[in-house]
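Enquirer: Predicted model and sequence below, questions to follow.
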Amino acid sequence: MSAALTDQERIEELKKKAKKQSPWAIARRKLFRNKLAVISLVYLIIVVIAAYLAPLISPHSPTLVDIMNRNSPPGDGYLLGTDRSGRDIFTLLLYGARTSLTIGIVCMIGIVLLGTTIGSIAGYYGGWVDAVLMRFTDFMMNFPFLVFVIVLASIFREAGIWALILVFIVLGWTGAARVVRSKMMSEKENEYVMAAISIGGTPFKVIRKHLLPNIMTTIIVQATLLLAVMIVAETALSFLGFGVPSGTPSWGNMMQEARSPTVIRNSWWIWIPPAVAITSTILAINFIGEGIKDAFNPKSAR
Amino acid sequence: MSSQNALLEIDNLHTGFNIDGDFHHAIKGVSFDVKPKEVVCVVGESGCGKSVMSLSIMQLLPKHNGKIDKGEIRFNGKNLAEYSEKEMNNIRGKDISMIFQEPMTALNPVLTIGFQLDEVLLNHSKDSKESVRKKSIQLLKDVGISRSDQIVHEYPHQLSGGMRQRVMIAMAIACEPQLLIADEPTTALDVTVQAQILELIKKIQDERGTAVMLITHDLGVVAEMADRVVVMYAGQVVEQSDVDRIFHDPQHPYTKALLGSIPKMEEEVDELNTIRGIVPTLTKMPKQGCRFVDRCPAAMPECRQIDPQLGETDKGHTVRCLLYEESRPGEKAEVRS
């Protein structure tokens, strides 16, 4: 370091150096060395950008119906062909990505917040608080998911995808809560927790400032996997006709077309693109999740 | 001795744990005082209840099965055992603070040193983050860490054991507490560092007038540091006196045995002196008589029947052993130091 640096600059320099040593920085370096995860991440970013910039990228309007060119194969002005009502498949794919990813991301955030809150409280306090919260979790877990979704979806037909998101969150947080609880229970036995209490930390502070940063890795991995699960759930329900209202394009709704045997047999361009999009996105998310898990594992060599 | 001016008075403290549905006392009727600016050493083997006592004072006992059953812990005359969790939070770290045994595990691995040190100050004051950070850096300097403006940005794994213990001490003294509880602060450190850390604690005690309750099993540390010594065995105080009398005129057979176990440089021996046996576990504690009887070289038949009391054999020197008339129940009521 040259003597010309002022104190302020020197401190900034030190801060930067220290940041490189933080557990986050170490994990990030490890993650970027994992080729599969990096490729997946780039792919996912492209999908997300394409999805949210759909109105700018897509060659046609998602509501444009070309009666003259129904069920036409790729080419001839339509990059991936048209579906049975004459809508451009490529445009639908982009708009569908928007719906499917929105559902996945919002559900993931909601579930992580709800699950982490309930899991942290149950795990930290233990005793009767834990017993009550965990019995409630078991109760929610045993709810027949499909029946509940179908009933609610028919009641809140008007609300569109937001009703679906709400149902997913309300029924989906249980797994995350259990994982966070068990992590919390093992983590709170550490002496640093007692040290944090001994300097006058309130339970809320101890959970938020000391325990959550330590189990954040688990939460992040859970979150990535949840994102994949939620996208699959949306697709599956829409495929069955109980998910996203049929007017809204989504990957699941596009797959619904494939329920007809003639489409499966004769019009591959209608169902292959959404199928590939779903599969590749889910795979990418899972690879990223695995990569993050590896990166935070101090025993992994990569 | 009057207990009027004591900083911390522990009075007939009973603390125990629920094990398989039964309540067992880990501490049974412990009483002693810590006066302002005094260093009191609590000594005894592993499993004597030393750590349980410090956790009782801080109210850090495991919630699911640990409990203060009886007795009072008076700090500045107020009974901490009756304090609510919220009231305790205002005391912890501010008026009473604690140094833990393992500096390796007592610091949070994912937070910077500065963050953890700031937190003590932020918990107990409304200062701005900038002024708190300045104070943290000064505190690290006070405990002898030289590159302190750099260390605040580092993580615990980047520091050595001795440095981490210094950080723990800085955290403990941040709010200038009246009482510092140090639970075997040097056990996890190597010998050269041990001496430095003890010197630091001694210096802080001198400069800031903090009272120190030092829990240790190392009699060398006791001789170095203590004003007064409390010898504990199996959850009871067995002897208590000032440091000179403990070393030159030990009365309880247990204290004698502890002192006899120190290896001496000038004597050539084939085998080191030990105390045979171990401290009985909580569930196997004798219900009646002296708790040390099975290991005591001076045991008498009546030791198994009569519970010895803490009696004052000399001014300021109390002992719990039937060898002394003062310890026989009925002849003299239990005396507090």
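Expert: Perfect, I can see it now. Numbering: from 1, shown residues only, chains lettered A, B, ... in the order given.

Enquirer: From now on I want contacts and neighbour counts done on CA atoms only, so please keep to that.
Expert: Noted.

Enquirer: ranges for the helices of the chain?
Expert: Assuming you mean chain A. A:7-20, A:23-33, A:35-52, A:54-57, A:89-125, A:127-141, A:145-155, A:161-187, A:191-198, A:203-205, A:212-240, A:251-256, A:261-266, A:268-296 (DSSP state H).

Enquirer: Can you look at chain B instead?
Expert: B:50-58, B:85-91, B:113-124, B:129-142, B:148-151, B:161-173, B:191-208, B:219-225, B:243-248, B:253-260.

Enquirer: Just confirm B:Val13 contacts B:His25, I think it does.
Expert: One correction, residue B:13 is Leu, not Val. No - taking Cα atoms under 8 Å as the definition, B:Leu13 is not a contact partner of B:His25, at 10.1 Å.

Enquirer: count of neighbours near A:Trp128?
Expert: The number of residues packed near A:Trp128 is 11, by other Cα atoms under 10 Å in any protein chain shown.

Enquirer: Model confidence score at it, please.
Expert: A:Trp128 carries a pLDDT value of 91.

Enquirer: distance of it from B:Glu85?
Expert: 18 Å (Cα to Cα, to the nearest Å).

Enquirer: Check B:Val120 too.
Expert: Counting by Cα to Cα - B:Val120 and B:Glu85 are separated by 17 Å.

Enquirer: which parts of stretch A:107-115 are buried?
Expert: A:Cys107, A:Met108, A:Gly110, A:Ile111, A:Val112, A:Leu113, A:Leu114, A:Gly115 (16 or more other Cα atoms under 10 Å in any protein chain shown).

Enquirer: residues in contact with the spatially most central residue of chain A?
Expert: In chain A, the centroid-proximal residue (Cα atoms, centre = their mean) is A:Leu227; its distance is 2.1 Å. Contact analysis of A:Leu227 by Cα atoms under 8 Å, 6 or more residues apart in numbering or on different chains lists A:Gly104, A:Ile105, A:Cys107, A:Met108, A:Ile285.

Enquirer: Could you dump the residues you listed into TSV and include pLDDT and distance to chain B?
Expert: Listed next are the contacts of A:Leu227 as TSV, based on pLDDT from 0 to 100; distance: Cα to the nearest Cα, whole Å:
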residue	pLDDT	distance to chain B
A:Gly104	93	30
A:Ile105	94	27
A:Cys107	94	28
A:Met108	95	25
A:Ile285	94	26
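
Enquirer: Point out where the chain drops to low pLDDT.
Expert: Assuming you mean chain A. A:1-5, A:18-20, A:299-302 (pLDDT under 70).

Enquirer: Can you look at chain B instead?
Expert: B:1-4, B:330-337.

Enquirer: Return the residues of chain B in contact with chain A.
Expert: Selection of chain B residues close to chain A by Cα under 8 Å from any Cα of the partner chain yields B:58, B:60, B:64, B:86, B:88-94, B:97-98, B:100, B:105-111, B:120, B:123-124, B:149-150, B:153-155, B:171-172.

Enquirer: ok now do A:Ile272, which residues does it touch?
Expert: Counting by Cα under 8 Å, 6+ apart, A:Ile272 has no contacts.

Enquirer: I meant A:Ser61, not that one.
Expert: Here A:Ser61 is in contact with A:Pro55, A:Thr91 (criterion: Cα under 8 Å, 6+ apart).

Enquirer: Quick check: phi and psi at it.
Expert: phi -80, psi 140 (degrees, to the nearest 10).

Enquirer: Check the gap between it and A:Leu80 for me.
Expert: According to Cα to Cα, A:Ser61 and A:Leu80 sit 14 Å apart.
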